[in-house]
Structure formats: structure tokens, C-alpha cells
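# Need coordinates for the following:
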Amino acid sequence: MSFNRVAITGIGVLSPIGNTVVETLSALDNARHGFTLGQWFADYPNDTDGKYKQEYVVANVKEFDSEKYFTKKDLRRADRITQYSVYASMEAIADSGADFKDIDPFRAGVIIGSGIGGLRTTEEQILAYHQKSPDRVSVFTIPMMIGNLTAGTVAIRTGFKGVSYTPVTACASSAHAVGEAFRNIKHGYLDVCIAGGTESAGIGFAYAAFNNMHAMSRSTDPDRASIPFDKERNGFVLAEGAATLILENYDHAVARGAKIYAEIIGYGATTDAYHETAPLPDGSGGAAAMRLAVEEGTQLSGIKTTDVNYINAHGTSTPANDKAETLAIKSAFGEYAANIAVSSTKSYSGHMLGAAGAFETAVTALQIKNGLIYPTIGYKVPDPDCDLDYVTDGIRKTQITAALSNSLGFGGHNACLCLKQV
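The predicted structure is shown next:
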């Protein structure tokens, strides 16, 4: 039985380190993170004694032009996650160099994940209900707060009429979106798919929720806040943004002379079935996802386990995740794990939650295309529990024969994507 090959032919990004691929590459090339100091609870109305005016590290999208793809009328009915998603999707289509009008619209899909959905709208409208009146709740509340309207709106904008939905698997949402898009093209249900994720949860309510469960870094030093695999790591930096990939039938991409960043050849998805927020301590769930992704890559393109020479880790900078992910990599690859370069994009961007997986897959594809590996920046203090090669010595110029991008979400959701050079 033959399967379709799947190429990445377009990338659109919006993150704390850049609003375009060019800006993102500039930040990565110059080891420049997107962290600044800000007040988590600036929107809290009852801070009469200044208790919540402390500044901590934040990772926000900067200088975003919402009117590039939206009219002022449109903006009144689109939560920021939808604004972000449309922006990244249209940028990705432009980057692909095609409008795909030659493809049956029912064979063109949109799969865009979001871990939380329109949280800003949800908070605003609940406050309107309680503080004003039921009559003051916006007529646009439901379509603005439900996460699937990101995929729905992008489909409306593009005319893509194939399968369209929104995976909701916390931090693995957009990795699952890319993986499911890959499978739809591989098995012949789609010829092209817009796949990615979006998130905008940078409000005091979300900071309080994550902070009270001791998940977030309380660092006041932007250079030492998101420090994956460092012994002094103490939590993630909450970030926002979106990332979109254009996945395309490889033969169609070649026929039109498309620029191909990388080829997706494998996808592994598993569940820890262990805890609401903590990963399996031995990393066995993540290890299984990596093995499945590599096995599919072997079946589709003949790669060997030893062809995997780079992993873009989930690397959240939390004590539990980084230790468990290290064990997962060792379990998946055995002694060979010591030969694999491992780095975390979150050392630049922070944790973009439901958008993280797609953003990190995009960065992985860029590294494959450009023949280099970006380091884990901010790393200083080695941890005996995290003893792999985390690329702490600067950019490495090397051929990436095959790479993995890991995403591990609350609820025990694990997703791994396997990419290779073309």
C-alpha cells in the first residue's frame, strides 16, 4: 500500500520573538529571547495595598498589527486567538507561494489547536454579566470564546472546505493539529491543510491560576526565567502567539516548484493516563510517542533510529517536565540518546501553550532547511537529572538528517512529530 508524502511549504508565526519568519530567525540567530518585565495582575481591580504590583517576567506578542487582516468591524467580533490565528495562517499561505485554487476545496483542510480558547472574551463577558446585567453580555460572546472558531474563521477566509476542527489537548494541541493534518494528507483525504495553533491567555486570571499551582516561574530576571534543563529552573514563562504550517501533498508541491522546508514522516500520539498535570515520572508515555513517530518515519521513508540527530524538546523549564522528558528520550533511544542534540525553543519564546507545538515544529523545520541547530539559551547550571546534550555552546552548523519535535500536555497528552530534510 502506498502513502502520500507530506511537505511543509509555508510558515506563519506570531510570537514574543517575532511576527514573521524573518524576525523569528533574527532572534534565533542572535540568541535573543522575548522576555520582559511586567505586572501579572495589572488588571486586578482590588489591589488597594499594592500587593499585586510586583513585576515578573512576561512573554507577550509585540507590535501586532491586528488591522492587517481585519477591519475594525471584524475586530469587535474576533477574540485575540482568532486574530492571531488568521494572521499566522494568511502569512503561511503567502509564504507558500500558492493560493491552492487548483485543488478541490473539499480536499483542503484547516486544523488549528488551542488549549484554552477565547479566555479574554470569557473573562470580559462574565464580568459584564455579574457587574452590569445579563442584557450587557455581547451577542458575539459564544463565537468569540469557543476555540473552534479559529479554524472556522480561517476556513471562511480561505475557502478551504475539507475537514476543519480544533484539537484541545493543552500544551500538545497544535502538535496534534499538525499530526492529524499530516495523517489526512498521508492517507489521501486532503491534498493541502492549514495546521497550527493559537493562544492568548496573558491575563491576570490565567497568571493566578497557573501561579497558584506552582507551574510558573516567579523570576524577576528575564535572562533566568525560562531556562529548560538548568538545575535552577523553577517554572515556565507564560507566552502568547500563533503558528501555522502549510502541509501539502509532496508531489503537488514539487509539481508547482514550491519551496519545501522539510518533510513530515512520522507522528506519535500517546497518553500517560497518570495525573491531571504531572507527567509520568519515568517519561514512558513520551518515550512511546517518540518511538511511534520514528517507527512511522522508518516505514514511510526508511530512516533509521540513528538518523535522528536532533530533538526540539518540550522543555518547559519546570522541574518535573524536564527530568521526565530526559528520561523519556533515554528510554526511546537507549545509549544512542547521548549522541542526539536536544534543545528547547521555549528558552526563546516561553510557553505558548496550545500554540507551542506548531511554533516549535516550525522552528524545527527552519533548522532542517538551514542546516543548523539553535542552542538552549539561558542555561548555566547543570542538573545531574538532566544529562543529555542540550546544545549550550552556541549555534551548531550541521546537517539534520531527521528530527523530532515533542509536545507534552496537561492531562498526559503526548505528541511527537518526526521531520526530515528533503
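
# all contacts plus neighbour counts: C-alpha atoms, from now on.
Noted.

# can you tell me which residues contact V57?
35-38, 217-222, 225, 237 (Cα atoms under 8 Å, 6 or more residues apart in numbering).

# just the strands in the stretch 151-300 of the chain please.
164-165, 192-199, 241-249, 262-271 (DSSP state E, counting those that start in this stretch).

# Could you spell out the sheet neighbours of the shortest one, each with its direction?
What it means is strand 164-165. Paired strands of strand 164-165, with direction, are strand 108-113 (parallel) (DSSP bridges).

# Then the last one?
Within its sheet, strand 262-271 is paired with strand 6-14 (antiparallel), strand 413-420 (antiparallel), according to DSSP bridges.

# Pull the distance from it to the chain's centre.
14 Å (Cα atoms, centre = their mean, to the nearest Å).

# Now do it against strand 241-249, angle only.
For strand 262-271 against strand 241-249, the angle by axes from the mean of the first three to the mean of the last three Cα atoms, to 10 degrees is 110 degrees.

# Give the buried subset of the contacts of V57 as a PyMOL selection command.
Selection of buried members from the contacts of V57 for PyMOL, criterion 16 or more other Cα atoms under 10 Å:
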select buried, resi 35+36+38+217+218+219+220+222+225+237
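
# taking the contacts of V57 one by one, which sit in helices?
Using DSSP state H, no member of these falls in helices.

# Tell me who's in contact with T364.
Counted by Cα under 8 Å, 6+ apart, T364 has contacts 312, 403, 405.

# Closest to D251 out of those residues?
Of all the contacts of T364, A403 has the smallest distance to D251: 21.9 Å, by Cα to Cα.

# what residues are up against that closest one?
308-312, 364, 418-420.

# what secondary structure does it sit in?
strand (DSSP: H, G, I helix; E, B strand; the rest coil).

# related to what we said a few turns ago, mean neighbour count for the strands paired with strand 262-271 - can I get that in CSV?
Below are these laid out as CSV (neighbours: other Cα atoms under 10 Å):
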stretch, mean neighbour count
strand 6-14, 29
strand 413-420, 30
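
# Nearest to I203, out of the ones you listed?
strand 6-14 (18.1 Å).

# Run the angle between that closest one and strand 192-199 for me.
30 degrees.

# ok but K323 is inside a helix, no?
Yes: counting by three-state DSSP, K323 is found in a helix.

# What's the per-residue pLDDT of it here?
Listed pLDDT for K323 reads 98.

# Next: P45.
Among the per-residue scores, P45 holds a pLDDT of 87.

# again, but for M1
The predicted local confidence for M1 is 76.

# would TSV of the strands paired with strand 262-271 with distance to L149 be doable?
Putting these into TSV (distance: least, Cα to Cα, whole Å) gives the following:
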stretch	distance to L149
strand 6-14	18
strand 413-420	23
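
# I'd like to know which of those strands is closest to A177.
That would be strand 413-420 among the strands paired with strand 262-271, by Cα to Cα, at 9.8 Å.

# Mind putting the strands paired with strand 262-271 into TSV with distance to I395 and mean pLDDT?
Putting the strands paired with strand 262-271 into TSV (distance: least, Cα to Cα, whole Å; pLDDT from 0 to 100) gives the following:
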stretch	distance to I395	mean pLDDT
strand 6-14	21	98
strand 413-420	19	98
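
# Ok, which of those comes nearest K259?
strand 6-14 (5.8 Å).

# continuing past that closest one, what's the next helix or strand?
helix 21-29 (DSSP states H and E).

# quick one on the thing from earlier: of all the strands of the stretch 151-300 of the chain, which one is nearest E63?
So among the strands of the stretch 151-300 of the chain, strand 241-249 is nearest, using Cα to Cα, at 12.1 Å.

# by contact count, what packs against the closest one?
Counting contacts by 3 or more Cα pairs under 8 Å, 6 or more residues apart in numbering; DSSP states H and E, strand 241-249 packs against strand 6-14, helix 80-96, helix 173-186, strand 192-199, helix 356-370.

# how about TSV for those, with distance to Y274 added?
Below are the helices and strands packed on strand 241-249 laid out as TSV (distance: least, Cα to Cα, whole Å):
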stretch	distance to Y274
strand 6-14	33
helix 80-96	30
helix 173-186	19
strand 192-199	25
helix 356-370	21
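
# deepest of the ones you listed, which one?
strand 192-199 (a mean of 34; mean count of other Cα atoms under 10 Å).

# Sheet partners, orientation included, of that one?
Taking DSSP bridges as the criterion, strand 192-199 forms sheet pairs with strand 108-113 (parallel), strand 241-249 (antiparallel).

# lowest-pLDDT helix or strand in the chain?
Using mean pLDDT, DSSP states H and E, helix 72-75 stands out as the lowest-scoring helix or strand of the chain, at a mean of 94.
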